[in-house]
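K.L.:
Sequence and computational prediction follow.
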Amino acid sequence: MTNKELADLLLPNVGSDITQYENKYPKRNLKEGAIVTRFAPSPTGFVHMGSLFASFVERKAAKDSDGVFYLRIEDTDQKREVENGVQGIINDLKNFDISIDEGMISETEEIGAYGPYIQSKRKDIYQTFVKYLLESGKAYPCFCSAEEIEDIRLIQEKRKQRIGYYGRYAKCRKLTPEEIKSKVEAGESYIIRLKSMGNFENKVRIHDLIKGDLEFPENDIDVVIMKSDGLPTYHFAHLVDDYLMRTTHVIRGDEWVSSLPLHLQLFQTFGFKLPKYAHVSPIMKEENGSRRKLSKRKDPEAAVSYYHEKGIPVDAVKLYLMTLANSNFEQWYDANKDKTLDDFKFDFKKMSSSGGLFDIEKLMNISKNYISRLSAVKVYEGTINWAKTYDKEFYLLLEQHRDYAISVFNIEREQKKPRKDFGCYSEIKSQTWYMFDELYDKENKTYEFQTINDKEEIAEILSTYINKYYDEVDTKDEWFNKMKDLAAEFGYAREVREYKENPNSYKGHIGDISLVLRIALTTKSMTPDLYDIMQILGKERIFKRYNQFIEGNK
RNA sequence: GGCCCGUUGGUGAAGUGGUUCAACACACAUGCCUUUCACGCAUGCAUUCAUGGGUUCAAAUCCCGUACGGGUCACCA
């Protein structure tokens, strides 16, 4: 029995002509140095922070070089199937503005000339490649049961030998064609293994764009390339897909580093050019003094939807990812404030070879700075966009009072040193609620009074202010001078300095008085500029709130 | 256990033999400014680069050992 006959017995319904596919998916016609990358997740329904990071890097590397970035779905494991799992991934990428040039664009649709981009639809292609290997005697069927494999492992452990299906432990490798034939005809289930020609004593060197030069023993394990359900394993799909889709740079998580010798061997077996590899370190999380991989089960911030819910601007997240990816980005961005992320050239060499800690504080800082540079209109748009899905009440309010809300968001903004108190869109309501009567009126108010605490004195200050001093047409200077007059009238220093020089001559200083006016108006001791707030609130509301306070404390 | 990788301050890190080599940023602390807070400004925060040894006139930077951390060893990706 020849190899050809054996291959026909095992895979009767497919051909073994791999050149048809090589011709169907020719080398891409791109400019010199263009990078073709891919994001290849399992259809689990959502993107993990680590994957988002990798896909961000992939997108960036492709874009910088006028290359191609595509989305391939790796669904060769049916046990992992999740309903609408593809759509979830597409949505997450879309939410973070990571666009694809080719690949899946919905649960069933795709774009691009190198598809199908979902592995379950590529079965024939994989099997053709498997059959080709079978015919050339470089692969063989294996009938070992899970128990037999387990037994081999036990023996190897006892003998303190390497674990795996290799050398003399690869018993199915020695099966004669006749034995194979009778097993197949008896209906025994089998898988296909690579007949490894590697020698563990030999070393192979592989260059990784991030990790540098790596040295491993050659692979000598007869790994499974096709499972009993006829679908390929990850390794084999990687070979076939990345070759046929003409991927130039395989950028993936560094859990794949250790299978590099296998992948090298696979490409060599077919005589295909090895793609360049870049293994991205996982994003870590600190917990109880030790670090571990960010886990989607334990860490809410691992799910990409978390940032969407919090209302951290997409661009801020990308800025953060870029600082994680290339440590020199931060300084570059600081020195080139007018430029954007797109102007920055990504460099593999600047990527950290060990896993960095995910620092949410840093992210929030970036977000805070980012929002502070936005125009009031942009802040309005971002906030209402966020509120639309996460805070209906606020959304309606913002929709109803568009111009008013913009003027609120514009306080101490659009100036040289803008205010930085909005960390993300979800925080904005809690920082501005008192500017909206609808929210203010229903709030169960607790006033944060400090040095001046006596309700009677406060009521007196308020009524004096509205009866004697307040005038809505005052300029800021006029307004402030009146505040000083008010302070003096109640025995408080007009200037903080005066008070500091003679603390015994005064009950306090101007700051104490303005604090009273601020708190009685907003309930909060920490607010933006009081004059601006009063201007926006207007006379009617100010009087109403002060009178309410006076009445309530009689 | 085998194989591979890594270890610079609270955090992200710059720096791969010698002109301040421990930059920069976040966080933290103090002070100044200021009608509050925030902003801004100023100052402080690793005498030392996991550790032991070696090479060298000279090492965070090169070599070896040790410790610790991570990854991987599936018909999962």
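P.N.:
Thanks, I have the structure now.

K.L.:
Which helix runs longest in chain A?
P.N.:
When chain A is parsed with DSSP state H, its longest helix is helix A:530-552.

K.L.:
how does chain A divide into domains?
P.N.:
Here chain A is described, according to automatic domain parsing, as comprising the domains A:4-15+A:123-280, A:287-346+A:354-372, A:376-442, A:455-552.

K.L.:
who touches the residue in the stretch 1-150 of chain A positioned nearest to RNA strand B in this structure?
P.N.:
Using C-beta to the nearest atom of the strand, the single residue of the stretch 1-150 of chain A nearest to RNA strand B is A:E74, 3.0 Å away. Heads up, the C-betas are built off the backbone N, CA and C, glycines and all. By C-beta atoms under 8 Å, 6 or more residues apart in numbering, A:E74 lies in contact with A:A40, A:P41, A:S42, A:P43, A:Q119, A:Y234, A:A237.

K.L.:
Return the subset of those lying in helices.
P.N.:
Going by DSSP H, the helices hold A:Y234, A:A237 from the contacts of A:E74.

K.L.:
Return the member of the contacts of A:E74 nearest to A:Y21.
P.N.:
Closest to A:Y21 out of the contacts of A:E74 is A:A237 (13.8 Å), distances taken as C-beta to C-beta.

K.L.:
Wait, the closest one touches A:S120, no?
P.N.:
No - under the criterion of C-beta atoms under 8 Å, A:A237 is not in contact with A:S120, lying 10.5 Å apart.

K.L.:
out of those two, which sits in the busier spot?
P.N.:
Higher neighbour count among A:A237 and A:S120: A:A237, with 22 against 15, using other C-beta atoms under 10 Å.

K.L.:
For the more buried one, which residues are in contact?
P.N.:
Going by C-beta under 8 Å, 6+ apart, A:A237 touches A:E74, A:T76, A:Q119, A:R122, A:Y126.

K.L.:
is it true that the fourth one lies in a helix?
P.N.:
If I follow you right, that is A:R122. Yes - with DSSP: H, G, I helix; E, B strand; the rest coil as the criterion, A:R122 is part of a helix.

K.L.:
how about the closest residue to it other than its chain neighbours, phi and psi?
P.N.:
Setting aside the residues directly before and after it, A:R122 is nearest to A:P116 in space (C-beta to C-beta, 6 or more residues apart in numbering), at 5.5 Å. The phi/psi pair for A:P116 (degrees, to the nearest 10) reads phi -60, psi 150.

K.L.:
Quick check: the gap between A:P116 and A:C172.
P.N.:
31 Å (C-beta to C-beta, to the nearest Å).

K.L.:
what do you get for A:L52?
P.N.:
From A:L52 to A:C172 the distance is 41 Å (C-beta to C-beta).

K.L.:
Over to A:V473?
P.N.:
Counting by C-beta to C-beta - A:V473 and A:C172 are separated by 94 Å.

K.L.:
neighbour-wise, which of those two wins?
P.N.:
A:C172 (19 against 7).

K.L.:
Now do the strands in the stretch 451-554 of chain A.
P.N.:
A:492-493, A:508-509 (DSSP state E, counting those that start in this stretch).

K.L.:
For RNA strand B, which of those is the nearest?
P.N.:
Here strand A:508-509 is closest among the strands of the stretch 451-554 of chain A (C-beta to the nearest atom of the strand), at 7.4 Å.

K.L.:
which strands and helices sit next to that closest one?
P.N.:
strand A:492-493, helix A:496-501 (3 or more C-beta pairs under 8 Å, 6 or more residues apart in numbering; DSSP states H and E).

K.L.:
So is the first one next to RNA strand B?
P.N.:
No - Strand A:492-493 lies out of reach of RNA strand B by C-beta under 7 Å from any atom of the strand, never closer than 10.0 Å.

K.L.:
Remind me what that strand packs against, helices and strands.
P.N.:
Short answer (3+ C-beta pairs under 8 Å, 6+ apart): strand A:492-493 packs on strand A:508-509, helix A:510-522.

K.L.:
and those as CSV, adding distance to A:D454 and mean neighbour count?
P.N.:
Compiled in CSV, the helices and strands packed on strand A:492-493 are given as follows (distance: least, C-beta to C-beta, whole Å; neighbours: other C-beta atoms under 10 Å):
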stretch, distance to A:D454, mean neighbour count
strand A:508-509, 12, 20
helix A:510-522, 10, 21
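
K.L.:
Quick one, which of those gets closest to RNA strand B.
P.N.:
helix A:510-522 (3.5 Å).

K.L.:
chain center to the closest one: distance?
P.N.:
43 Å (C-alpha atoms, centre = their mean, to the nearest Å).

K.L.:
One more: stretch A:404-418?
P.N.:
That offset, for stretch A:404-418, works out to 29 Å (C-alpha atoms, centre = their mean).

K.L.:
tell me the contacts of A:V14?
P.N.:
A:V14 touches A:D124, A:Q127, A:T128, A:K131, counting by C-beta under 8 Å, 6+ apart.

K.L.:
before we move on, what about A:K484?
P.N.:
Going by C-beta under 8 Å, 6+ apart, the list of residues near A:K484 reads A:R494, A:E495, A:I510.

K.L.:
The residue nearest to the second one when sequence neighbours are not counted and A:K484, how far apart?
P.N.:
Once its chain neighbours are removed from consideration, A:E495 has its nearest residue in A:I510; the separation is 6.6 Å (C-beta to C-beta, 6+ apart). Distance check for A:I510 against A:K484: by C-beta to C-beta, it reads 6 Å.

K.L.:
repeat for A:I283
P.N.:
Taking C-beta to C-beta, one finds A:I283 at 53 Å from A:K484.

K.L.:
Sketch out the low-pLDDT regions of the stretch 201-350 of chain A for me.
P.N.:
Across the stretch 201-350 of chain A, the ranges flagged by pLDDT under 70 are A:284-298.

K.L.:
One more: chain A?
P.N.:
A:284-298, A:353-357, A:553-554.

K.L.:
Thank you, goodbye.
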